[in-house]
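*Asks:* Based on what follows, work out the 3D shape:
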Amino acid sequence: MTQALRLAETRDILARLIAFPTVSSEPNLDLIRWIAGELGALGARVEIFESADGRKANLFATLGPEGDGGIVLSGHSDVVPVAGQDWSSDPFEMHEAEGRLYGRGTCDMKGFIACTLAMARVYALRDLRRPVHFAFTHDEEVGCLGAQDLIAALKAQGVKPAMAIIGEPTEMRVIEGHKGCCEYTTHFTGLEGHGSRPDLGVNAAEYAARYVMKLLDLREALKARAPAGSPFEPPYTTLNVGGINGGFAHNVIVARAEVEWEFRPVQPGDMDFVKSEMAAYADDVLLPAMRAVDPEADIVTETVGEVAGFEPMETNAARDLVARLTGANGAGVVAFATEAGLFQSLGCDVVVCGPGSIAQAHMADEYVAIDQLSACLDLLDRLV
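*Replies:* Numbering: from 1, shown residues only. Model (predicted):
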(Lines give C-alpha, C1' and ligand atoms only; values in the text may rest on other atoms or scores of the structure.)
Protein backbone atom coordinates (compact mmCIF):
# COMPACT_ATOMS: atom_id res chain seq x y z
CA MET A 1 0.00 0.00 0.00
CA THR A 2 1.44 3.37 -0.98
CA GLN A 3 1.82 6.24 1.45
CA ALA A 4 -0.70 8.27 -0.56
CA LEU A 5 -3.29 5.52 -0.22
CA ARG A 6 -2.63 5.15 3.52
CA LEU A 7 -3.04 8.88 3.96
CA ALA A 8 -6.31 8.86 2.00
CA GLU A 9 -7.61 6.02 4.18
CA THR A 10 -6.55 7.90 7.30
CA ARG A 11 -8.51 10.94 6.15
CA ASP A 12 -11.61 8.81 5.58
CA ILE A 13 -11.30 7.11 8.96
CA LEU A 14 -10.72 10.42 10.72
CA ALA A 15 -13.85 11.88 9.14
CA ARG A 16 -15.84 8.94 10.53
CA LEU A 17 -14.32 9.37 13.98
CA ILE A 18 -15.01 13.11 14.08
CA ALA A 19 -18.66 12.46 13.20
CA PHE A 20 -19.08 10.67 16.54
CA PRO A 21 -19.68 13.55 19.02
CA THR A 22 -17.87 11.87 21.89
CA VAL A 23 -17.76 14.82 24.28
CA SER A 24 -16.81 13.46 27.71
CA SER A 25 -20.30 14.11 29.07
CA GLU A 26 -21.83 11.88 26.37
CA PRO A 27 -21.60 8.13 25.62
CA ASN A 28 -18.81 6.85 23.36
CA LEU A 29 -20.31 3.41 22.72
CA ASP A 30 -21.14 3.98 19.05
CA LEU A 31 -17.56 4.97 18.28
CA ILE A 32 -16.08 2.06 20.24
CA ARG A 33 -18.39 -0.44 18.55
CA TRP A 34 -17.51 0.95 15.12
CA ILE A 35 -13.79 0.59 15.85
CA ALA A 36 -14.40 -2.91 17.22
CA GLY A 37 -16.08 -3.85 13.95
CA GLU A 38 -13.21 -2.45 11.89
CA LEU A 39 -10.53 -4.27 13.88
CA GLY A 40 -12.57 -7.45 14.21
CA ALA A 41 -12.95 -7.62 10.42
CA LEU A 42 -9.14 -7.61 10.19
CA GLY A 43 -8.90 -10.64 12.46
CA ALA A 44 -7.99 -8.77 15.64
CA ARG A 45 -8.91 -10.22 19.00
CA VAL A 46 -11.19 -7.50 20.39
CA GLU A 47 -12.47 -6.94 23.90
CA ILE A 48 -14.82 -4.15 25.00
CA PHE A 49 -14.88 -3.08 28.65
CA GLU A 50 -18.07 -1.19 29.51
CA SER A 51 -18.20 1.29 32.38
CA ALA A 52 -20.30 0.51 35.44
CA ASP A 53 -23.17 2.68 34.21
CA GLY A 54 -23.08 1.16 30.71
CA ARG A 55 -22.71 4.57 29.01
CA LYS A 56 -19.00 4.38 28.19
CA ALA A 57 -16.51 1.76 27.10
CA ASN A 58 -12.81 1.07 26.62
CA LEU A 59 -11.49 -1.15 23.84
CA PHE A 60 -8.43 -3.39 23.82
CA ALA A 61 -7.61 -5.31 20.65
CA THR A 62 -4.63 -7.33 19.43
CA LEU A 63 -3.20 -8.30 16.08
CA GLY A 64 -0.41 -10.85 15.82
CA PRO A 65 0.68 -13.70 18.07
CA GLU A 66 -0.67 -14.28 21.56
CA GLY A 67 1.52 -13.94 24.63
CA ASP A 68 3.47 -11.28 26.46
CA GLY A 69 5.38 -8.46 24.84
CA GLY A 70 4.52 -6.34 21.85
CA ILE A 71 3.56 -2.72 21.71
CA VAL A 72 0.40 -0.82 22.68
CA LEU A 73 -0.88 2.01 20.49
CA SER A 74 -3.09 4.06 22.78
CA GLY A 75 -5.50 6.97 22.41
CA HIS A 76 -8.52 8.40 24.18
CA SER A 77 -11.85 8.55 22.39
CA ASP A 78 -13.41 11.48 24.25
CA VAL A 79 -13.18 15.14 23.28
CA VAL A 80 -13.77 18.42 25.09
CA PRO A 81 -17.01 20.40 24.63
CA VAL A 82 -17.59 22.88 21.83
CA ALA A 83 -20.25 24.91 23.68
CA GLY A 84 -19.47 28.61 23.78
CA GLN A 85 -16.74 28.36 21.15
CA ASP A 86 -16.88 30.28 17.87
CA TRP A 87 -16.36 27.61 15.22
CA SER A 88 -16.19 28.50 11.53
CA SER A 89 -17.93 25.24 10.58
CA ASP A 90 -19.67 22.23 12.13
CA PRO A 91 -17.11 20.89 14.65
CA PHE A 92 -18.35 17.32 14.12
CA GLU A 93 -18.05 17.37 10.33
CA MET A 94 -14.41 17.27 9.25
CA HIS A 95 -13.30 19.56 6.46
CA GLU A 96 -9.97 20.27 4.76
CA ALA A 97 -8.35 23.61 4.01
CA GLU A 98 -4.77 24.62 3.26
CA GLY A 99 -3.21 21.31 4.29
CA ARG A 100 -5.18 21.04 7.52
CA LEU A 101 -8.06 18.84 8.66
CA TYR A 102 -10.51 20.68 10.91
CA GLY A 103 -12.93 19.26 13.48
CA ARG A 104 -13.28 18.56 17.17
CA GLY A 105 -10.77 15.87 18.06
CA THR A 106 -8.70 16.00 14.86
CA CYS A 107 -5.69 16.90 16.97
CA ASP A 108 -6.66 15.61 20.41
CA MET A 109 -6.56 12.79 19.64
CA LYS A 110 -8.59 11.11 16.93
CA GLY A 111 -5.90 11.90 14.37
CA PHE A 112 -3.61 9.37 16.03
CA ILE A 113 -6.42 6.83 16.37
CA ALA A 114 -7.17 7.19 12.65
CA CYS A 115 -3.51 6.56 11.83
CA THR A 116 -3.46 3.39 13.92
CA LEU A 117 -6.65 2.08 12.31
CA ALA A 118 -5.29 2.77 8.81
CA MET A 119 -2.08 0.95 9.68
CA ALA A 120 -4.03 -1.94 11.23
CA ARG A 121 -5.08 -2.81 7.68
CA VAL A 122 -1.38 -3.07 6.82
CA TYR A 123 -0.43 -4.98 9.97
CA ALA A 124 -3.17 -7.54 9.31
CA LEU A 125 -1.42 -8.55 6.07
CA ARG A 126 1.99 -8.96 7.65
CA ASP A 127 3.49 -11.85 9.54
CA LEU A 128 3.83 -10.08 12.88
CA ARG A 129 6.46 -11.59 15.17
CA ARG A 130 5.14 -9.68 18.19
CA PRO A 131 1.63 -8.54 19.07
CA VAL A 132 0.39 -5.06 18.27
CA HIS A 133 -2.25 -3.90 20.74
CA PHE A 134 -4.79 -1.11 20.30
CA ALA A 135 -6.06 0.59 23.47
CA PHE A 136 -8.81 3.23 23.16
CA THR A 137 -10.26 4.72 26.33
CA HIS A 138 -13.06 6.96 27.55
CA ASP A 139 -13.06 10.02 29.82
CA GLU A 140 -9.40 11.00 29.59
CA GLU A 141 -10.37 14.67 29.52
CA VAL A 142 -12.11 14.44 32.90
CA GLY A 143 -9.51 12.55 34.90
CA CYS A 144 -8.30 9.57 32.86
CA LEU A 145 -11.19 7.57 34.29
CA GLY A 146 -11.38 5.05 31.47
CA ALA A 147 -7.66 4.32 31.43
CA GLN A 148 -7.68 3.67 35.16
CA ASP A 149 -10.36 1.01 34.66
CA LEU A 150 -8.63 -0.45 31.59
CA ILE A 151 -5.25 -0.75 33.30
CA ALA A 152 -6.88 -2.48 36.27
CA ALA A 153 -8.60 -4.94 33.90
CA LEU A 154 -5.40 -5.67 31.98
CA LYS A 155 -3.50 -6.26 35.21
CA ALA A 156 -6.22 -8.68 36.35
CA GLN A 157 -5.90 -10.57 33.05
CA GLY A 158 -2.11 -10.68 33.27
CA VAL A 159 -1.60 -8.74 30.04
CA LYS A 160 2.06 -7.68 29.85
CA PRO A 161 3.00 -5.55 26.83
CA ALA A 162 6.64 -4.52 26.48
CA MET A 163 6.02 -0.96 25.27
CA ALA A 164 3.31 1.63 24.78
CA ILE A 165 3.03 4.68 22.55
CA ILE A 166 0.55 7.29 23.77
CA GLY A 167 -0.34 9.30 20.68
CA GLU A 168 -1.11 12.67 22.25
CA PRO A 169 -0.34 15.70 20.06
CA THR A 170 3.39 16.41 20.43
CA GLU A 171 4.10 17.43 16.82
CA MET A 172 5.75 13.99 16.61
CA ARG A 173 8.33 15.01 19.21
CA VAL A 174 9.46 12.27 21.59
CA ILE A 175 8.22 12.90 25.14
CA GLU A 176 9.49 10.92 28.12
CA GLY A 177 7.78 12.61 31.05
CA HIS A 178 5.13 14.94 32.44
CA LYS A 179 3.80 15.99 35.82
CA GLY A 180 0.76 14.39 37.40
CA CYS A 181 -2.57 16.20 37.60
CA CYS A 182 -4.80 16.10 40.67
CA GLU A 183 -8.12 17.98 40.59
CA TYR A 184 -10.54 18.53 43.47
CA THR A 185 -13.66 20.42 44.49
CA THR A 186 -13.96 21.15 48.20
CA HIS A 187 -17.52 21.80 49.40
CA PHE A 188 -18.28 23.89 52.52
CA THR A 189 -21.62 23.66 54.33
CA GLY A 190 -22.30 26.40 56.87
CA LEU A 191 -25.30 27.98 58.59
CA GLU A 192 -27.28 30.71 56.83
CA GLY A 193 -28.33 33.88 58.63
CA HIS A 194 -28.67 37.67 58.45
CA GLY A 195 -25.50 39.53 57.64
CA SER A 196 -25.99 41.80 60.66
CA ARG A 197 -25.30 38.87 63.03
CA PRO A 198 -22.31 36.98 61.61
CA ASP A 199 -21.68 35.50 65.07
CA LEU A 200 -24.90 33.46 64.83
CA GLY A 201 -24.07 31.83 61.50
CA VAL A 202 -21.31 29.81 59.87
CA ASN A 203 -20.17 31.64 56.77
CA ALA A 204 -19.16 28.98 54.27
CA ALA A 205 -17.55 31.59 51.99
CA GLU A 206 -15.28 32.80 54.78
CA TYR A 207 -14.10 29.30 55.58
CA ALA A 208 -13.59 28.66 51.87
CA ALA A 209 -11.40 31.78 51.78
CA ARG A 210 -9.35 30.51 54.70
CA TYR A 211 -8.98 27.17 52.90
CA VAL A 212 -7.69 28.99 49.82
CA MET A 213 -5.12 30.88 51.89
CA LYS A 214 -3.82 27.55 53.19
CA LEU A 215 -3.55 26.31 49.60
CA LEU A 216 -1.51 29.39 48.71
CA ASP A 217 0.79 28.75 51.68
CA LEU A 218 1.34 25.23 50.39
CA ARG A 219 2.08 26.59 46.93
CA GLU A 220 5.10 28.38 48.38
CA ALA A 221 6.15 25.35 50.43
CA LEU A 222 6.11 23.18 47.31
CA LYS A 223 8.73 25.36 45.65
CA ALA A 224 11.23 24.34 48.33
CA ARG A 225 10.48 20.66 47.67
CA ALA A 226 11.63 20.72 44.03
CA PRO A 227 13.77 17.64 43.40
CA ALA A 228 17.36 18.19 42.30
CA GLY A 229 17.72 18.01 38.55
CA SER A 230 13.98 18.24 37.87
CA PRO A 231 13.47 18.44 34.07
CA PHE A 232 10.15 20.27 34.36
CA GLU A 233 9.36 23.96 33.99
CA PRO A 234 8.81 25.10 36.64
CA PRO A 235 10.82 22.39 38.43
CA TYR A 236 8.49 22.11 41.42
CA THR A 237 4.92 20.95 41.99
CA THR A 238 2.49 23.73 41.04
CA LEU A 239 -0.86 24.46 42.69
CA ASN A 240 -3.74 26.48 41.23
CA VAL A 241 -7.09 27.71 42.54
CA GLY A 242 -9.47 27.46 39.60
CA GLY A 243 -12.68 28.75 41.15
CA ILE A 244 -14.39 30.02 44.31
CA ASN A 245 -18.19 29.90 44.35
CA GLY A 246 -20.76 30.81 46.99
CA GLY A 247 -23.29 33.34 48.16
CA PHE A 248 -26.02 35.34 46.45
CA ALA A 249 -26.51 38.60 48.40
CA HIS A 250 -24.44 41.14 50.29
CA ASN A 251 -26.38 40.82 53.53
CA VAL A 252 -26.83 37.03 53.79
CA ILE A 253 -24.44 34.71 55.62
CA VAL A 254 -23.34 32.17 53.02
CA ALA A 255 -24.57 28.65 53.73
CA ARG A 256 -22.73 26.88 50.91
CA ALA A 257 -19.50 27.50 49.05
CA GLU A 258 -16.99 25.53 47.06
CA VAL A 259 -13.37 25.79 45.98
CA GLU A 260 -12.11 24.23 42.77
CA TRP A 261 -8.38 23.55 42.87
CA GLU A 262 -5.68 21.41 41.38
CA PHE A 263 -1.99 20.62 41.71
CA ARG A 264 0.55 18.96 39.42
CA PRO A 265 3.04 16.84 41.35
CA VAL A 266 6.57 16.29 40.07
CA GLN A 267 7.08 13.42 42.53
CA PRO A 268 4.74 11.00 44.35
CA GLY A 269 5.62 12.39 47.78
CA ASP A 270 4.18 15.77 46.89
CA MET A 271 0.76 14.25 46.31
CA ASP A 272 0.73 12.80 49.82
CA PHE A 273 2.10 16.06 51.26
CA VAL A 274 -0.63 18.27 49.79
CA LYS A 275 -3.52 15.92 50.53
CA SER A 276 -2.46 15.27 54.15
CA GLU A 277 -1.78 18.95 54.87
CA MET A 278 -5.16 20.08 53.53
CA ALA A 279 -7.04 17.27 55.26
CA ALA A 280 -5.40 18.11 58.58
CA TYR A 281 -6.18 21.83 58.18
CA ALA A 282 -9.84 21.11 57.44
CA ASP A 283 -10.28 18.53 60.21
CA ASP A 284 -8.19 20.11 62.97
CA VAL A 285 -8.60 23.84 62.36
CA LEU A 286 -11.62 24.77 60.26
CA LEU A 287 -14.20 22.16 61.20
CA PRO A 288 -13.91 22.60 64.98
CA ALA A 289 -14.53 26.33 64.58
CA MET A 290 -17.49 25.77 62.26
CA ARG A 291 -19.08 23.09 64.44
CA ALA A 292 -18.72 25.18 67.59
CA VAL A 293 -21.59 27.21 66.10
CA ASP A 294 -23.40 24.52 64.09
CA PRO A 295 -22.71 20.81 64.65
CA GLU A 296 -24.05 20.10 61.15
CA ALA A 297 -21.40 22.24 59.42
CA ASP A 298 -19.13 20.23 57.13
CA ILE A 299 -16.23 20.24 54.68
CA VAL A 300 -16.13 17.55 51.98
CA THR A 301 -13.45 17.27 49.30
CA GLU A 302 -14.55 15.64 46.06
CA THR A 303 -11.84 14.03 43.94
CA VAL A 304 -12.45 15.02 40.32
CA GLY A 305 -9.42 13.16 39.01
CA GLU A 306 -5.98 11.99 40.09
CA VAL A 307 -3.73 11.31 37.12
CA ALA A 308 -0.37 9.72 37.77
CA GLY A 309 2.68 11.54 36.50
CA PHE A 310 4.81 10.07 33.72
CA GLU A 311 8.21 9.63 35.29
CA PRO A 312 11.29 9.96 33.06
CA MET A 313 13.33 6.76 33.28
CA GLU A 314 17.01 6.28 32.61
CA THR A 315 16.22 3.05 30.75
CA ASN A 316 13.22 3.33 28.40
CA ALA A 317 13.12 1.07 25.35
CA ALA A 318 9.95 2.71 23.98
CA ARG A 319 11.52 6.16 24.07
CA ASP A 320 14.71 4.91 22.45
CA LEU A 321 12.86 3.00 19.72
CA VAL A 322 10.61 5.91 18.74
CA ALA A 323 13.55 8.33 18.84
CA ARG A 324 15.49 6.08 16.50
CA LEU A 325 12.57 5.63 14.11
CA THR A 326 11.75 9.36 13.98
CA GLY A 327 15.36 10.50 13.89
CA ALA A 328 14.95 12.53 17.07
CA ASN A 329 18.12 13.61 18.84
CA GLY A 330 16.59 13.30 22.28
CA ALA A 331 13.43 13.36 24.34
CA GLY A 332 11.67 16.09 26.27
CA VAL A 333 8.93 16.64 28.84
CA VAL A 334 5.59 18.47 28.59
CA ALA A 335 3.34 20.41 30.92
CA PHE A 336 0.07 18.66 30.03
CA ALA A 337 -0.99 15.31 31.49
CA THR A 338 -1.66 12.08 29.60
CA GLU A 339 -2.47 8.43 30.31
CA ALA A 340 1.24 7.54 30.05
CA GLY A 341 1.79 7.20 33.79
CA LEU A 342 -1.04 4.68 34.02
CA PHE A 343 0.47 2.53 31.27
CA GLN A 344 3.84 2.89 33.01
CA SER A 345 2.20 1.26 36.05
CA LEU A 346 1.39 -1.73 33.85
CA GLY A 347 5.12 -2.44 33.79
CA CYS A 348 5.86 -1.46 30.21
CA ASP A 349 8.19 1.20 28.80
CA VAL A 350 6.18 4.19 27.61
CA VAL A 351 6.65 7.14 25.28
CA VAL A 352 4.30 9.96 24.27
CA CYS A 353 4.46 10.84 20.57
CA GLY A 354 1.69 11.80 18.19
CA PRO A 355 0.54 14.09 15.39
CA GLY A 356 -0.65 17.64 15.87
CA SER A 357 0.15 20.41 18.32
CA ILE A 358 -1.25 20.82 21.82
CA ALA A 359 -1.65 24.51 20.91
CA GLN A 360 -4.61 23.51 18.72
CA ALA A 361 -6.18 21.13 21.25
CA HIS A 362 -9.40 22.26 22.99
CA MET A 363 -9.63 25.34 20.76
CA ALA A 364 -12.32 26.45 18.32
CA ASP A 365 -11.43 25.35 14.77
CA GLU A 366 -9.19 22.60 16.12
CA TYR A 367 -7.09 21.06 13.37
CA VAL A 368 -4.30 18.63 12.56
CA ALA A 369 -1.86 19.27 9.74
CA ILE A 370 -1.91 16.59 7.05
CA ASP A 371 1.89 16.37 7.03
CA GLN A 372 1.71 15.49 10.74
CA LEU A 373 -0.54 12.53 9.94
CA SER A 374 1.89 11.49 7.22
CA ALA A 375 4.79 11.57 9.69
CA CYS A 376 2.77 9.49 12.14
CA LEU A 377 2.01 6.89 9.45
CA ASP A 378 5.73 6.70 8.66
CA LEU A 379 6.50 5.97 12.31
CA LEU A 380 3.80 3.31 12.62
CA ASP A 381 5.01 1.65 9.41
CA ARG A 382 8.61 1.49 10.64
CA LEU A 383 7.52 -0.02 13.96
CA VAL A 384 6.89 -3.40 12.32
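
*Asks:* Can you tell me the number of residues neighbouring residue 72?
*Replies:* 24 (other Cβ atoms under 10 Å). C-betas here are computed from N, CA, C, even on glycine.

*Asks:* For it, give its distance to residue 158.
*Replies:* Look at residue 72 and residue 158: by Cβ to Cβ, to the nearest Å, they are 15 Å apart.

*Asks:* repeat for residue 77
*Replies:* 25 Å.

*Asks:* between these two, which one's more packed in?
*Replies:* Using other Cβ under 10 Å as the criterion, residue 77 and residue 158 rank with residue 77 on top: 27 against 7.

*Asks:* phi, psi of the more buried one?
*Replies:* phi -90, psi -20 (degrees, to the nearest 10).

*Asks:* So it sits against residue 113, correct?
*Replies:* Yes: with contact defined as Cβ atoms under 8 Å, residue 77 reaches residue 113; the gap is 7.2 Å.

*Asks:* which residues do the two both contact?
*Replies:* Residues touching both residue 77 and residue 113 by Cβ atoms under 8 Å, 6 or more residues apart in numbering: residue 136.

*Asks:* Could you give the average pLDDT over the top helix by length along the chain?
*Replies:* Across the chain, the longest stretch assigned as helix under DSSP state H is helix 204-223. Model confidence over helix 204-223, given as mean pLDDT, is 98.

*Asks:* what ranges do the strands span in the stretch 251-384 of the chain?
*Replies:* 252-253, 256-264, 298-307, 332-334, 349-352, 367-369 (DSSP state E, counting those that start in this stretch).

*Asks:* Can you mark which positions in the third one are buried?
*Replies:* In other words, strand 298-307. By 16 or more other Cβ atoms under 10 Å, the buried positions in strand 298-307 come out as 298-299, 301, 304-307.

*Asks:* Run me through the strand neighbours of that strand, direction for each.
*Replies:* Note on strand 298-307: by DSSP bridges, its sheet partners are strand 181-189 (antiparallel).

*Asks:* Can you name the secondary structure element that comes next after the partner strand?
*Replies:* strand 193-194 (DSSP states H and E).

*Asks:* ok, residues contacting that next one?
*Replies:* With contacts defined as Cβ under 8 Å, 6+ apart, strand 193-194 is touched by 200-201, 251-253.

*Asks:* and residue 61, which of the three is it?
*Replies:* Using DSSP: H, G, I helix; E, B strand; the rest coil, the structure places residue 61 in strand.

*Asks:* got a list of contacts for the following helix or strand past the longest helix of the chain?
*Replies:* Beyond helix 204-223 on the C-terminal side, the first helix or strand identified by DSSP H and E is strand 238-246. Here strand 238-246 makes contact (Cβ under 8 Å, 6+ apart) with 179, 188, 204-205, 208-209, 212, 215-216, 218-219, 222, 254, 256-264, 274.

*Asks:* Now which of those would you call buried?
*Replies:* Among the contacts of strand 238-246, those classed as buried by 16+ other Cβ under 10 Å are 179, 188, 204-205, 208, 215, 218-219, 222, 254, 256-264, 274.

*Asks:* Pull the distance from stretch 365-372 to the chain's centre.
*Replies:* Here the centre of stretch 365-372 is set off from its chain's centre by 20 Å, with Cα atoms, centre = their mean, to the nearest Å.

*Asks:* That stretch: end-to-end distance?
*Replies:* 17 Å (Cα to Cα, to the nearest Å).

*Asks:* Can you give me the buried ones in that stretch?
*Replies:* Neighbour count says stretch 365-372 has 365-370, 372 buried, by 16+ other Cβ under 10 Å.

*Asks:* now, among those residues, which is nearest to residue 9?
*Replies:* Proximity of those to residue 9 (Cβ to Cβ) peaks at residue 370, which lies at 13.1 Å.

*Asks:* Apart from its neighbours in sequence, what residue is nearest the closest one?
*Replies:* Nearest non-adjacent residue to residue 370, counting by Cβ to Cβ, 6 or more residues apart in numbering: residue 99, 5.2 Å away.

*Asks:* repeat for residue 177
*Replies:* Leaving aside its sequence neighbours, residue 177 sits nearest to residue 312 (Cβ to Cβ, 6+ apart; 3.7 Å).

*Asks:* could you measure the one you found against residue 222, distance?
*Replies:* According to Cβ to Cβ, residue 312 and residue 222 sit 19 Å apart.

*Asks:* Tell me what residue 303 is bridged to.
*Replies:* Applying DSSP bridges, one finds that residue 303 bridges with residue 184.

*Asks:* got the contact list for it?
*Replies:* Counted by Cβ under 8 Å, 6+ apart, residue 303 has contacts 182-184.

*Asks:* Over to residue 311?
*Replies:* 177, 341, 344.

*Asks:* Now rank these by neighbours and give me the top one.
*Replies:* Counting neighbours by other Cβ under 10 Å, residue 177 leads the contacts of residue 311 with 25 neighbours.

*Asks:* Residue ranges of each domain in the chain, please.
*Replies:* Residue ranges for the domains of the chain, per automatic domain parsing: 3-178+309-383, 181-307.

*Asks:* Can you get me the start-to-end distance on the shortest one?
*Replies:* In terms of Cα to Cα, the two terminal residues of domain 181-307 are separated by 5 Å.

*Asks:* now do the longest one
*Replies:* From its first residue to its last, domain 3-178+309-383 covers 15 Å (Cα to Cα).

*Asks:* mean confidence for it?
*Replies:* For domain 3-178+309-383, the mean pLDDT works out to 96.
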